[in-house]
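Q: no sequence for this one, just the structure:
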């Protein structure tokens, strides 16, 4: 049986063939059309990254919905459990600080920090932002408790904030900060 001409293998197109300027994916700089020279569209890494971006976006959207409906406990829980700590940012702290309080309930910012403390350790920024109102209220024993439980990240800046009211505790913070 006579066969036609042999089939030619077509090169795999690179990602820039399907690039559209309104997408977040820039064109590749590889030599176009060579197999394995660039990350192929739809590769496992690209799919995972897209899934992560979508998940983060959904978490942020759900957080906004909870904050707008004044469900501060739900928003705090969501932020504490967010993937890659995507919601544990200065902007989130600011949202809770600016949120109106409810009579007879803890302030939204204390609800947020309380939830974070339940879930684990605060990062450096969160530790300092929590320490400020605690120091203003004269409740250094809470700071001492949290530092002893390794719930706060000890930094020089935290030590500086504490030293005005409790030099002994500040010394402990400085020692822990230099040990890490």
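A: Yes, it's here. All values reported here derive from a predicted model rather than from experimental measurement.
Q: what about the closest residue to residue 55 other than its chain neighbours, distance to residue 54?
A: Computed as Cβ to Cβ, 6 or more residues apart in numbering, the closest residue to residue 55 that is not its neighbour in sequence is residue 83, at 5.9 Å. Just so you know, the C-beta spots here come from the backbone N, C-alpha and C atoms, and that holds for glycine as well. Here residue 83 is placed at a distance of 11 Å from residue 54 (Cβ to Cβ, to the nearest Å).
Q: what does residue 125 give?
A: Residue 125 sits 26 Å away from residue 54, going by Cβ to Cβ.
Q: these two: which is more packed in?
A: residue 125 (15 against 10; other Cβ atoms under 10 Å).
Q: any idea of the pLDDT on the more buried one?
A: At residue 125, the model reports a pLDDT of 95.
Q: for residue 58, same thing?
A: Taking residue 58 on its own, its pLDDT is 88.
Q: ok, the one 3 residues further on next?
A: Confidence per residue is given as pLDDT, and for residue 61 that number is 93.
Q: packing partners of the helix or strand bottoming out on mean pLDDT in the chain?
A: Least confident helix or strand of the chain, by mean pLDDT, DSSP states H and E, is helix 44-68 with a mean of 87. Here helix 44-68 touches helix 72-80, going by 3 or more Cβ pairs under 8 Å, 6 or more residues apart in numbering; DSSP states H and E.
Q: which residues does the helix it packs on contact?
A: The contact list for helix 72-80 (Cβ atoms under 8 Å, 6 or more residues apart in numbering) reads 59, 62-63, 66-67, 87-88, 92, 96, 99, 108, 111-112, 114-116, 118-119.
Q: what subset of these is buried?
A: Among the contacts of helix 72-80, the ones that count as buried by 16 or more other Cβ atoms under 10 Å are 59, 63, 66-67, 87-88, 92, 96, 99, 108, 111-112, 115-116.
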